[in-house]
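Visitor: curious how this folds, go ahead:
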Amino acid sequence: MHLIQILLPHYDNTGQRFSATIYRSLEATLAERFGGVTFYSRSAAEGTWRDRHGSQHRDDIVVVEVMVETLDRDWWRAFRQGLKASFRQQELVVRASAIELL
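Guide: Numbers count the residues shown, from 1 in each chain. Sure, this is the predicted structure:
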């Protein structure tokens, strides 16, 4: 079993908040494909990073989780590229961890 986590921004690079529609569409897509999805969006997580020029940036993020039996890396890579385009991001974190259900 794998836990997929997707870290999404609340705001675009101009400071405009993304519409709830984009998150609901993502929720529907993942729930349909994998049978369930969890969004942590009520209290935004905060992320800070430095770009290649040394400038510091800060983001409020939404964490999306999906559990999958089999990790289809090619599908997730392509899905990540689509998310990068939809959220107008240069980089976007989609990570997978092997988990054991107890």
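Visitor: the helix or strand bottoming out on mean pLDDT in the chain: what's the following helix or strand?
Guide: Least confident helix or strand of the chain, by mean pLDDT, DSSP states H and E, is strand 38-50 with a mean of 69. Sequence-wise, the next helix or strand downstream of strand 38-50 (DSSP states H and E) is strand 56-68.
Visitor: relative to Lys84, how far out is Gln16?
Guide: 17 Å (C-beta to C-beta, to the nearest Å). Backbone N, C-alpha and C define where each C-beta goes, glycine included.
Visitor: same drill for these two, tell me which one is more crowded.
Guide: Lys84 (14 against 8; other C-beta atoms under 10 Å).
Visitor: for that one, give its distance to Ile22.
Guide: From Lys84 to Ile22 the distance is 13 Å (C-beta to C-beta).
Visitor: try Leu8
Guide: 9 Å.
Visitor: now for Leu30, how many residues are close by?
Guide: Here the number of neighbours of Leu30 (other C-beta under 10 Å) works out to 20.
Visitor: can we start the residue count at 596 from this point?
Guide: Shifting the count to begin at 596 puts that one at Leu625.
Visitor: name the nearest residue to it, ignoring sequence neighbours.
Guide: Val632 (4.1 Å; C-beta to C-beta, 6 or more residues apart in numbering).
Visitor: wait, doesn't the one you found sit right on Glu660?
Guide: Yes: Val632 is within contact range of Glu660, at 7.1 Å (criterion: C-beta atoms under 8 Å).
Visitor: more neighbours: which of these two?
Guide: Val632 (19 against 14).
Visitor: check what pLDDT the more buried one gets.
Guide: For Val632, the pLDDT comes out at 95.
Visitor: if I pick it, what's in contact with it?
Guide: The contact partners of Val632, by C-beta atoms under 8 Å, 6 or more residues apart in numbering, come to 622, 625-626, 659-661.
Visitor: identify the residue spatially nearest to Arg690, adjacent ones excluded.
Guide: Spatial nearest neighbour of Arg690, chain neighbours left out: Gln600 (5.2 Å); criterion: C-beta to C-beta, 6+ apart.
Visitor: thank you, goodbye.
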